[in-house]
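Visitor: show me how the following folds:
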Amino acid sequence: MTTQSLTRCFRFPNVDFEPDVHLLVWRDKTETPLTLHESRLLEALCYCAGEVISHEQLHNKTFSQLDPYEDSGNHRYDLNTVLKPLVAKLDQHGKMAIDIEVVAPYGFRVPLPDQMCRLVHEPEQTKAPETPPAQQHDDQEFRSATEEIVKTSVAHKVSVAVLALMALGVITASFMGYL
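Guide: Model prediction:
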């Protein structure tokens, strides 16, 4: 039996970042695990993609909600101790898969992802053998359940049409009230 989970995904040209399972999933389907703090740091950057996030904000988002049973008085968390190994994991043949830009003295920024979506993640060790390239559909395996419903469900299309007609009726009624 295969365990699957629906995860959030930030899709970049060479890698998908799935913060819910702390993974970088490369185009060749290999996976690079991230620590909890690496994943939280990258998630904060991706969530604010395109914007500069200050060192303090990034620190708070990365190290907040730590284990309540952990003695936090003995630890001083340093963003650089998380950032350096994360940058090493994002390096792909001398080029950054997700470029973490330092905007001195303001903070950090990553580019906007190509897509933000939800995926069904199947752990690497339980995956079925790959299908030959001739049988693969370009982006079908990455289509989320929501995308599938929006693209194929007649009930969804009817409900959207009904909602649009109701909105038009409300706008017309409110306009008529002003005359």
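Visitor: in contact with the nearest residue to residue 20 once chain neighbours are set aside, which residues?
Guide: Once flanking residues are discounted, residue 20 sits nearest to residue 7: 4.1 Å by Cβ to Cβ, 6 or more residues apart in numbering. Where you see a C-beta, it was placed from the backbone N, CA and C, and this is true even at glycine. Counting by Cβ atoms under 8 Å, 6 or more residues apart in numbering, residue 7 makes contact with 18-21, 118-121.
Visitor: look up phi and psi at residue 7.
Guide: The phi/psi pair for residue 7 (degrees, to the nearest 10) reads phi -120, psi 160.
Visitor: assign a three-state SS to residue 99, would you?
Guide: Here residue 99 is coil, with the state taken from DSSP: H, G, I helix; E, B strand; the rest coil.
Visitor: gap between it and residue 168?
Guide: Residue 99 is 45 Å from residue 168, where distance means Cβ to Cβ, to the nearest Å.
Visitor: just residue 44 next, same as before
Guide: Shown here: residue 44 relative to residue 168, a distance of 41 Å by Cβ to Cβ.
Visitor: who's more crowded, the two?
Guide: Using other Cβ atoms under 10 Å as the criterion, residue 44 and residue 168 rank with residue 44 on top: 20 against 10.
Visitor: so the more buried one sits against residue 58, correct?
Guide: Yes. Counting by Cβ atoms under 8 Å, residue 44 does reach residue 58; the two are 5.7 Å apart.
Visitor: hang on, the earlier thing: which residues does the residue nearest to residue 20 form a beta bridge with?
Guide: Judged by DSSP bridges, the bridge partners of residue 7 are residue 119.
Visitor: in this protein, what residue spans correspond to helices?
Guide: Taking DSSP state H, the helices of the chain run over residues 36-47, 55-63, 79-90, 145-152, 154-178.
Visitor: chain center to the last one, what's the gap?
Guide: Centre-to-centre, helix 154-178 and its host chain are 33 Å apart (Cα atoms, centre = their mean, to the nearest Å).
Visitor: please apply the same query to the second one.
Guide: Relative to its parent chain, helix 55-63 has a centroid offset of 18 Å by Cα atoms, centre = their mean.
Visitor: who are the packing partners of it?
Guide: Judged by 3 or more Cβ pairs under 8 Å, 6 or more residues apart in numbering; DSSP states H and E, helix 55-63 is in contact with helix 36-47, helix 79-90, strand 107-109.
Visitor: same thing but at 6 Å, please
Guide: On a contact count with 3 or more Cβ pairs under 6 Å, 6 or more residues apart in numbering; DSSP states H and E, helix 55-63 meets helix 36-47.
Visitor: quick one, the helix it packs on and helix 55-63 angle?
Guide: With axes from the mean of the first three to the mean of the last three Cα atoms, to 10 degrees applied, the angle from helix 36-47 to helix 55-63 works out at 130 degrees.
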